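Trainee: coordinates for the following, if possible.
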Amino acid sequence: MTSIQIQPLDVKAAEAAAKYIDTLTKPQGSLGRLEELAINLAGITQEIFPTVTPPGVLVFAADHGVVEEGVSAFPKSVTAQMALNFLEGGAAINVFSKQIGAQFQLVDIGIATTVQHSELSCRKVRMGTRNFCNEHAMTRNEVEQAIEIGINEATSLINKGIKCLIVGEMGIGNTTSSTALLAALTNHKVEELVGSGTGITSQQLKHKIERIEQALADRQYDVKDPIDILSAFGGLEIAGMVGAMLAAASYRIPIIVDGFICTTAAVFAVQMNELASDYMFASHQSVEPGHRFALSILKKEPLLNLQMRLGEGSGAAIAFPLLHSASLMIKEMATFADAGVANKE
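Mentor: Coordinates of the predicted model:
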């Protein structure tokens, strides 16, 4: 697997941006978190006037063997059907990607059936994960393959000129996988992490909790080894997102993190390299209980709370204009001196 080197934020660039923002025609601090975003972007990009356009949207699709346990409201076949919907431009993430002028790429990293389309990047590691209630979801080599694919796919978009990475996913059963991953990593109670996902009933929710708890008891894994935990309970699309985020951070590209599944991937990326956290922005807080917990692990304050629970990268795409506004604010606003406006004494 490719070794990823991530550099710390450029403190001098961030300090210079903060100092410059205080010269703009507004009371100091009056643009609140937009000012923080601009300063963070400067530290990430090493530019006082950071650029975040064009953004890139990278969506990984894969299936989960644990769906066999009846933990999802939708059948496994929906992953492939939705993948085709993405490729035809009919999904929410397509609408939002178009709105923000993003380069869009869908990656088949583990859909359980064959999907063919000229716009699809087919990098299938295997036909979905194994059922982690019976055995490890993936081998260690499969996890590393998926991470490597994520690195390569993100690098490809970066080489095409994107200045901000939005990562998304599609995979029926991946809230179950994400819940198990966080519980395994932190020993947090499953019942406090698990949510309804795509809309399961209260009885299905109880069943989901029981199956995850039993799997956590049955599987053997090293809690200090993120790849081992991903091997036990992870998804191919989750591992792909881990790689994509590590790659973006290594290129000093800001990352907008989406909902529960993506934030779980972000937690594991940070487990692999803690400096990756500095390059991440939390787009929103979804209604999934596990998402709030994952954000707390990252110590990230979400930009939005719209009661979303879709995934796909949709919340991250909706949050992108906030980063764009922050970058334009510092670049295009006049200073007090330029505008001939008196500053406060």
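Trainee: isn't residue 243 up against residue 145?
Mentor: No - with contact defined as Cβ atoms under 8 Å, residue 243 and residue 145 do not form a contacting pair (9.6 Å). For the C-beta atoms, the positions are set from N, CA and C on the backbone; glycine is no exception.
Trainee: mind checking how far residue 137 is from residue 219?
Mentor: Here the criterion is Cβ to Cβ, to the nearest Å. By it, residue 137 lies 9 Å from residue 219.
Trainee: next: residue 323.
Mentor: 39 Å.
Trainee: so for the two, which residue has more residues nearby?
Mentor: residue 323 (25 against 20; other Cβ atoms under 10 Å).
Trainee: hang on, the earlier thing: ok, residue 243 and residue 145, which is more surrounded?
Mentor: Shown here are residue 243 and residue 145; by other Cβ under 10 Å, residue 243 has more neighbours (31 against 22).
Trainee: count of residues packed around the closest residue to that one other than its chain neighbours?
Mentor: In space, and not counting its chain neighbours, residue 243 is closest to residue 150: 2.6 Å by Cβ to Cβ, 6 or more residues apart in numbering. Using other Cβ under 10 Å, the number of residues around residue 150 comes to 31.
Trainee: what do you get for residue 319?
Mentor: 24.
Trainee: could you look up the SS state of it?
Mentor: Three-state assignment for residue 319 (DSSP: H, G, I helix; E, B strand; the rest coil): helix.
Trainee: wait, it touches residue 256, no?
Mentor: Yes - using Cβ under 8 Å, residue 319 is in contact with residue 256, at 5.8 Å.
Trainee: list residues touching both of those two?
Mentor: 281, 283 (Cβ atoms under 8 Å, 6 or more residues apart in numbering).
Trainee: any low-confidence regions in this structure?
Mentor: Where the chain drops to pLDDT under 70, the residues are 197-198, 345.
Trainee: that one: helices as residue ranges?
Mentor: 11-21, 33-45, 77-87, 92-99, 140-159, 174-186, 202-218, 226-233, 236-250, 260-272, 289-298, 314-332, 336-339 (DSSP state H).
Trainee: need the winner for burial among those helices.
Mentor: helix 236-250 (a mean of 31; mean count of other Cβ atoms under 10 Å).
Trainee: for that one, packing partners?
Mentor: strand 55-62, strand 103-110, helix 140-159, strand 164-170, helix 174-186, helix 226-233, strand 255-257, helix 260-272 (3 or more Cβ pairs under 8 Å, 6 or more residues apart in numbering; DSSP states H and E).
Trainee: ok, now with 7 Å
Mentor: strand 55-62, strand 103-110, helix 140-159, strand 164-170, helix 174-186, strand 255-257, helix 260-272 (3 or more Cβ pairs under 7 Å, 6 or more residues apart in numbering; DSSP states H and E).
Trainee: out of the ones you listed, which comes closest to residue 86?
Mentor: strand 103-110 (5.0 Å; Cβ to Cβ).
Trainee: please save the CA atoms from the closest one in PDB.
Mentor: Provided in PDB are the C-alpha atoms of strand 103-110 (Å, rounded to 0.1, in the frame of the first residue of the first chain):
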ATOM      1  CA  GLN A 103     -16.200  17.100 -11.400                       C
ATOM      2  CA  PHE A 104     -18.100  13.900 -10.500                       C
ATOM      3  CA  GLN A 105     -16.800  10.400 -10.500                       C
ATOM      4  CA  LEU A 106     -18.500   7.100  -9.400                       C
ATOM      5  CA  VAL A 107     -16.300   4.200  -8.400                       C
ATOM      6  CA  ASP A 108     -17.500   0.600  -8.300                       C
ATOM      7  CA  ILE A 109     -15.200  -0.700  -5.600                       C
ATOM      8  CA  GLY A 110     -17.400  -3.700  -4.600                       C
END
